[in-house]
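Student: Sequence and predicted structure below; questions after.
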Amino acid sequence: MARFIETNVGGGSLTRRGALPRSARPSDDRTEPRRRVHLRGGEIADRQHKFICDCVIRDRSTRGARLRLPKNVSVPHEIWFYDHEFKVSLKAEVRWRGDLEIGIYIPPQPGNRK
C-alpha cells in the first residue's frame, strides 16, 4: 500500500507524491527481511581499519544494512562496519550505492555460526 505525502508547491496548490507501486520497484534479492531500526549510529573503516566516516543505520537484517552517509564520502567495496548499539565490528561488502546511502552485505564472520 503506497503512502501519499501532500506538499504545498508554488502558489499554494497541493501535489501528491507516493511510493512506487510494488510492480515498479526493483527486484529484492534479500534472503532475509530487512527491519527498520530506530536511527542509530555506526562507523565505517577501510580494510586496514582506518576510519572513513560515521554513518546512520536506517535498516538492518542479519546479513545486511542500509547506511546513510555524509556528503562527499567515498567508500571502498570492502569495509569494516561498526554498530554502536551492539558494539561489534563486522567485515562487509558494499552491494549498492545511492546519493547518500549504501547497502551492505555482511557475510558470515569467522568464529560465528550464523
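Tutor: Done, it's in.
Student: I104 touches A65, doesn't it?
Tutor: Yes: taking contact to mean C-beta atoms under 8 Å, the distance of 5.4 Å between I104 and A65 places them in contact. Where C-beta positions appear, they are placed from N, C-alpha and C, glycine not excepted.
Student: any shared contact partners between the two?
Tutor: Contact with both I104 and A65 is made by residues F81, A92, according to C-beta atoms under 8 Å, 6 or more residues apart in numbering.
Student: how about P76, what does it touch?
Tutor: Contact analysis of P76 by C-beta under 8 Å, 6+ apart lists D46, R47, V94.
Student: again, 10 Å this time
Tutor: With contacts defined as C-beta atoms under 10 Å, 6 or more residues apart in numbering, the neighbours of P76 are I44, A45, D46, R47, I52, E93, V94.
Student: so of these, which ones are in strands?
Tutor: Secondary-structure check on these using DSSP state E: residues within strands are I44, A45, I52, E93, V94.
Student: I'd like those residues laid out as CSV, including distance to V73 and pLDDT.
Tutor: Formatted as CSV, the ones in strands among the contacts of P76 follow (distance: C-beta to C-beta, whole Å; pLDDT from 0 to 100):
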residue, distance to V73, pLDDT
I44, 8, 98
A45, 12, 98
I52, 7, 97
E93, 17, 97
V94, 12, 97
